[in-house]
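**Q** Provide a 3D model corresponding to the input given below.
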Amino acid sequence: MGYNLPIMTRPPITPTLFPAGFGKAGQEETWTGEIQTVTFHNPENGWAVLRLRADLDDTLVTLVGNIPEPQEGWWIRVTGVWEESPRYGAQLRIKKWEFASPAGTQGLVRFLGGGFISGIGPAMAARIVERFGDQTLEIIEKKPSRLSEVDGIGRARTKTIRESYARFRHLAEVFVFLQSYGVGPGTAHRIYNKYKDQSIAVLRSDPYRLAMEVQGIGFLTADRIAQSMGVAKDAPRRLEAACLFSLQQAELDGHVFLPGDELEERTKAFLQCDDFDVAAVAAELARQRRVHLEEDRAYLPFFHHAEQKTARNLARMTHGRGRFPEAALGRLDAFIRECMELELEPEQKAAVRCALSRELTIITGGPGTGKTTLIRAIVAAAKKARLTVLLAAPTGRAARRLSEATSHPASTLHRLLEFAPQTQKFGRCRANPLEADLVVVDEVSMVDLPLMYALCEALAPGTSLCCVGDVDQLPSVGPGQVLRDLIDSAVIPVVRLQKVFRQAQGSMIVSVAHEVNEGRFESQGKGTLGDLFFIEREEPEAVAKVVHELATSRVPSSYKLDPLLEIQVLTPMHKGLIGTEALNLQLQATLNPDGQPFTVAGRPWRVGDKILQTKNNYDANVFNGDLGIITGFDAKERQVRIRFDDRELTLPQEHLGECQLSYAISIHKSQGSEYPAVIIPLHTQHTVMLQRNLLYTAITRARRLVTIVGSKKALWITLNNTRQKERHSRLRERLVEAEAKSL
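**A** Numbering: from 1, shown residues only. Below is the predicted model of the structure:
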């Protein structure tokens, strides 16, 4: 499809008793025009109510139906069926739609200036159309050099306009192609962003690639497209795609591999049939080297390689010694006293000595056991010995806390390893290792198998690695259970910190966190260093009401805390009355009632909203877990301003696709972060998520105040549920095997 196609107009209107100017109820018609108003849009399912200004006579037509992410200013051609709503009158229910060419000079100006074509605002659009008239789109597409005839357009802007218009045309072609197979524009956007102008070619050659390569498109969607294109239900590529997708989805559940019976169960569920020999399909994929089979375990090849290589690398390091001068170890206590003016406890001294003298060390302990103090001591002693030290953590917020605590630069692991988003590869590797004597990584409970593999590959022989973390917290979001496997292997030197130090004993938060970890909840109230309270409410509506009151008035007033910057609601799930989605809308309405509203990617936002960055963005220098405030929005320039800590960034509005409202966030998303105060709703609505380590993680995110609101039954379920969802991983066994071979 191109914008130079002739415009298809609607058929003649037959006079009826149906509202004047429109066809009969039940009659199918085609209309072309400009989206004047997006009256309603549901971003979850794409359902929209639109007002279309017709191209012939400016008639306003109400459209209802699925158009994901519609925008005012789009020119579309719609085929639909007339119906009459008792409340809203005549409506055209959309059957299919496509982009259309703008009609008339004013239509062209509105189209070009509507923000779809980079480099053209409303004023520039008017100048371009004034110069080229009805030939404007043809000039942009076929003779873009002539744009220089318009005052204010140079070579650079011409290039921007040409490329942006070409992208819009390609996207329109993909929309039209996919609509013929029942796929909406929201999915088309993701497909185009992945494959660009090769999108249609990829779809025609192998639609199942979508399930494996495009985020947000599952096997069932790809399978529907494939079967619409004539792919048989027993086609080998369909069976293989279901098997591969099962392994890929297992990764999202934290698994490194799947046992044969579980692979068969998952694959048959996707195929919606029991007549296929999944083992034979897996064997064929193994022959093609797209799956690795090991006894009764099926791996995606990368995960098998990563698990094996990580175990070998770590096992090699277990007997190595660090580069800290051996002569200095004898006077290490004096070293630390001189650096920090601090006398360490015996178990702390043992931890520091192990981290400096060994090539590989793990330090684990709960809140108040001095992990941060130990890192400070290790870094200070290493620097005094003129060793090069690198500090890192999985998230940006955790890295900043580490840097503040040690007065030494720290970065995210991805930045330390020079991850390139464009290639999805790490710059630091065996051929280009990190230049350091000692690498210290905090919050290792959050590190998954692929990231640990990348870190181990980037360590030069002789570089020491010290891993610090709380093994009782939630495991990583990604596949594996690295910290637990390393500790359980019993082949790596581990220092367990168990003593809660006097300076932390006044914290009710620390006391209750340790109680929860033991399956108890006996203490609450005010402490000298931190308060913790449980407020009992049975009904979810009552829980939501109290959470709202605490976050918006009671806690800010009593503790003199900023409700946006210093109070965080942490909840187990996204859905339900006390999930993140509902709570965010309630808190947004109270804490930011007058913020300028706007919509990006079909999601409502307001200037002044509290948001959470959910992906690492190295170009913008913002990272997963960073909290920000929207400080401005420019619809004309399609830009949003966000303040992250002390930095205010101006970013393309599309950046909000990497963000979510964060008045309330999931407990999983809070890992690696700390807040002055946290409020935790706890109810049986979330029974599927209620586990002891989830509550333990939430409590340990707070510095001054924890308030838990919920039912005693939910609390009892949480304290007594220690059954973590089993993760299929063999890192522990491989470490033991690799250690035995190295002896």
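
**Q** please make it C-alpha for all contacts and neighbour counts, starting now.
**A** Will do.

**Q** how far away is residue 66 from residue 179?
**A** 11 Å (C-alpha to C-alpha, to the nearest Å).

**Q** looking at the two, which one has more neighbours?
**A** For residue 66 versus residue 179, neighbours defined as other C-alpha atoms under 10 Å are more numerous around residue 66 (21 against 16).

**Q** let me see the mean pLDDT of stretch 719-739.
**A** Across stretch 719-739, the average pLDDT comes to 89.

**Q** list the buried ones in that stretch?
**A** Buried residues in stretch 719-739, counted by 16 or more other C-alpha atoms under 10 Å: 719, 727, 728, 729, 730, 731, 732, 734, 735, 736, 738, 739.

**Q** quick one: which of the residues you listed is nearest residue 672?
**A** residue 727 (21.3 Å; C-alpha to C-alpha).

**Q** which SS class is the residue nearest to the closest one when sequence neighbours are not counted?
**A** Spatially, and ignoring its direct neighbours in sequence, residue 727 is nearest to residue 255 (5.1 Å; C-alpha to C-alpha, 6 or more residues apart in numbering). When classified by DSSP: H, G, I helix; E, B strand; the rest coil, residue 255 comes out as coil.

**Q** I'd say residue 255 and residue 480 touch.
**A** Yes: between residue 255 and residue 480 there is a contact at 6.0 Å, judged by C-alpha atoms under 8 Å.

**Q** contact partners for the residue nearest the centre of the chain?
**A** In the chain, the residue lying closest to the centroid (C-alpha atoms, centre = their mean) is residue 614, at 4.1 Å. Applying C-alpha atoms under 8 Å, 6 or more residues apart in numbering, one finds that residue 614 lies in contact with 623, 624, 625, 626, 658, 659, 660.

**Q** and the first one, what's its pLDDT?
**A** I take that to be residue 623. For residue 623, pLDDT reads 77.

**Q** next, count neighbours for the closest residue to it other than its chain neighbours.
**A** What sits nearest to residue 623 in space, not counting adjacent residues and going by C-alpha to C-alpha, 6+ apart, is residue 616, at 4.0 Å. As a burial measure, residue 616 scores 20 neighbours (other C-alpha under 10 Å).

**Q** now do the contacts for residue 616.
**A** Counted by C-alpha under 8 Å, 6+ apart, residue 616 has contacts 622, 623, 624.

**Q** what packs against the one helix or strand residue 348 maps to?
**A** Secondary structure from DSSP states H and E places residue 348 in helix 346-357. Contact partners of helix 346-357 among helices and strands, from 3 or more C-alpha pairs under 8 Å, 6 or more residues apart in numbering; DSSP states H and E: helix 326-329, strand 360-365, helix 371-384, strand 464-469, strand 494-497.

**Q** okay, the helix or strand following the longest one in CSV with CA atoms only?
**A** Same thing as helix 371-384. Using DSSP H and E, the helix or strand that follows helix 371-384 towards the C-terminus is strand 389-393. Listed in CSV are the C-alpha atoms of strand 389-393, where the atom choice follows Å, rounded to 0.1, in the frame of the first residue of the first chain:
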residue,chain,number,x,y,z
VAL,A,389,38.9,-2.5,42.4
LEU,A,390,35.7,-2.6,40.4
LEU,A,391,32.3,-2.4,42.1
ALA,A,392,29.0,-3.5,40.4
ALA,A,393,25.4,-4.4,41.1
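
**Q** orientation of the helix or strand immediately after strand 389-393 in the chain relative to strand 389-393 in degrees?
**A** Using DSSP H and E, the helix or strand that directly follows strand 389-393 along the chain is helix 396-406. With axes from the mean of the first three to the mean of the last three C-alpha atoms, to 10 degrees applied, the angle from helix 396-406 to strand 389-393 works out at 140 degrees.

**Q** which SSE is immediately downstream of helix 396-406?
**A** Next helix or strand after helix 396-406 toward the C-terminus (DSSP H and E): strand 410-412.

**Q** what pairs with that next one, parallel or antiparallel?
**A** Partners of strand 410-412 in the sheet, by DSSP bridges, are strand 389-393 (parallel).

**Q** gap between the strand it pairs with and the chain center?
**A** In terms of C-alpha atoms, centre = their mean, to the nearest Å, the centre of strand 389-393 is set 24 Å apart from its chain centre.

**Q** show me the contact partners of that strand.
**A** By C-alpha under 8 Å, 6+ apart, strand 389-393 touches 379, 382-383, 399, 402-403, 408-413, 416, 436-444.

**Q** same check on stretch 468-477?
**A** Against stretch 468-477 from outside (C-alpha under 8 Å, 6+ apart): 252, 254, 362-366, 371, 440-448, 481, 483-484, 517, 668, 693-694, 696-697.

**Q** just the ones of these in strands?
**A** Judged by DSSP state E, the contacts of stretch 468-477 include 362, 363, 364, 365, 440, 441 as members of strands.
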